[in-house]
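*Asks:* got a sequence here, can you build the structure:
(one chain, ligands or ions: 1)
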Amino acid sequence: MKISVAIDGPAGAGKSTIAKILSKKFNLNYIDTGAMYRGVTLLAQRKGINPEEIEELCKLIKSSEFYFLKDKLFINGEDVSEEIRNVEVTNKVSLYAAVEEVRELLVDIQKNISKNYSVIMDGRDIGAIVLPEANVKFFITASPEIRAKRRYKELTRKNKIVEYENILQEIIKRDYIDSNREINPLRKVEDAIEIDTSSLCIDEIVEQMSIYIEKAIESVGD
Ligand code: CDP
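*Replies:* Here you go, the predicted model:
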């Protein structure tokens, strides 16, 4: 029995924290598609390739091997999980993710993974494009201020020196680019269950989502 769960939503809504917990609870492979866009951005920055240099970007992606191992992203055998969260990548990732050809190549990889395994995938276009046939789809939101506060706490916990106001501005800017780009913008698909997490703690969110996943598992098993 194979099932797939799609989670979409804006930056900092808590998608990856929740998806990791749910992946363990229901024994699903967690695929962090944002990490893949971040990975492309990191590789491109290392090689000095701008988002406009489409041919170079495609070559770079086609010659790289992406895989996930224990929630960590490896590219060509290198664990890039920490480096893809740095400020340079975060500030530029939405520009690389807006490139049609980049999206096509990454969506292909993501679709292929989901063909063979039960997955829980999070991102911006999962319910609409990557897993339109997903057994359950969620759209997770929270106000920009709450999302910035969460991100601020997460980073200061890791001893990163950051300003709340800068994080809030970066989130607002990224939301704007992600929601207004021409190709596969962030949006809630009709059949997605929307959960506003502004006043919910992680356990409460996980509990709510688990009910829907359990139902989906039951109906696939029938
Ligand atoms: O974790 P955070 O909410 O900061 O974002 P992320 O999931 O790591 O995604 C980073 C960026 O990748 C997003 O701001 C989008 O520009 C892009 N992205 C996308 O376009 N499509 C996806 N399926 C996932 C991420």
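
*Asks:* quick one: name the residues of the chain near the ligand.
*Replies:* The interface of the chain toward the ligand, taken as CB under 6 Å from any ligand atom, is made up of 11-12, 16, 33-35, 37-38, 93-94, 97, 123-125, 174, 178. Where you see a C-beta, it was placed from the backbone N, CA and C, and this is true even at glycine.

*Asks:* now Ile183, nearest residue through space, not along the chain?
*Replies:* Glu100 (4.7 Å; CB to CB, 6 or more residues apart in numbering).

*Asks:* tell me how many other residues surround the one you found.
*Replies:* Glu100 is flanked by 12 other residues according to other CB atoms under 10 Å.

*Asks:* just checking, it touches Ile129?
*Replies:* No: in this structure, Glu100 sits apart from Ile129 without contact. The criterion is CB atoms under 8 Å, and the distance is 11.9 Å.

*Asks:* how close does Gly48 sit to Leu60?
*Replies:* In this structure, Gly48 lies at 11 Å from Leu60, with CB to CB, to the nearest Å as the measure.

*Asks:* what's the answer for Ile193, then?
*Replies:* Here Ile193 is placed at a distance of 36 Å from Leu60 (CB to CB).

*Asks:* which of these two has more neighbours?
*Replies:* The residue with the greater number of neighbours, taking Ile193 and Leu60 and applying other CB under 10 Å, is Leu60; the counts read 18 against 15.

*Asks:* show me the contacts for that one.
*Replies:* 40, 43-44, 47, 49 (CB atoms under 8 Å, 6 or more residues apart in numbering).

*Asks:* one more: Asn29?
*Replies:* Taking CB under 8 Å, 6+ apart as the definition of contact, the neighbours of Asn29 are 23, 68, 113, 117-120.

*Asks:* filter these to the buried ones?
*Replies:* Neighbour counting by 16 or more other CB atoms under 10 Å classes 23, 68, 113, 118-120 among the contacts of Asn29 as buried.

*Asks:* just put those in JSON lines and tack on pLDDT and secondary structure.
*Replies:* Output for the buried ones among the contacts of Asn29, formatted as JSON lines (pLDDT from 0 to 100; DSSP: H, G, I helix; E, B strand; the rest coil):
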{"residue": "Ser23", "pLDDT": "97", "secondary structure": "helix"}
{"residue": "Phe68", "pLDDT": "92", "secondary structure": "strand"}
{"residue": "Ile113", "pLDDT": "91", "secondary structure": "helix"}
{"residue": "Ser118", "pLDDT": "95", "secondary structure": "coil"}
{"residue": "Val119", "pLDDT": "96", "secondary structure": "strand"}
{"residue": "Ile120", "pLDDT": "97", "secondary structure": "strand"}
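
*Asks:* residues making contact with the helix or strand containing Ser219?
*Replies:* Using DSSP states H and E, Ser219 maps to helix 202-221. Applying CB under 8 Å, 6+ apart, the contact partners of helix 202-221 are 1-3, 5, 14, 17-18, 21-22, 25-26, 135-136, 138, 140, 193, 195, 197, 200.

*Asks:* repeat that with 6 Å
*Replies:* Outside helix 202-221, the residues within contact range by CB atoms under 6 Å, 6 or more residues apart in numbering are 1, 3, 18, 21, 26, 135-136, 193, 197.
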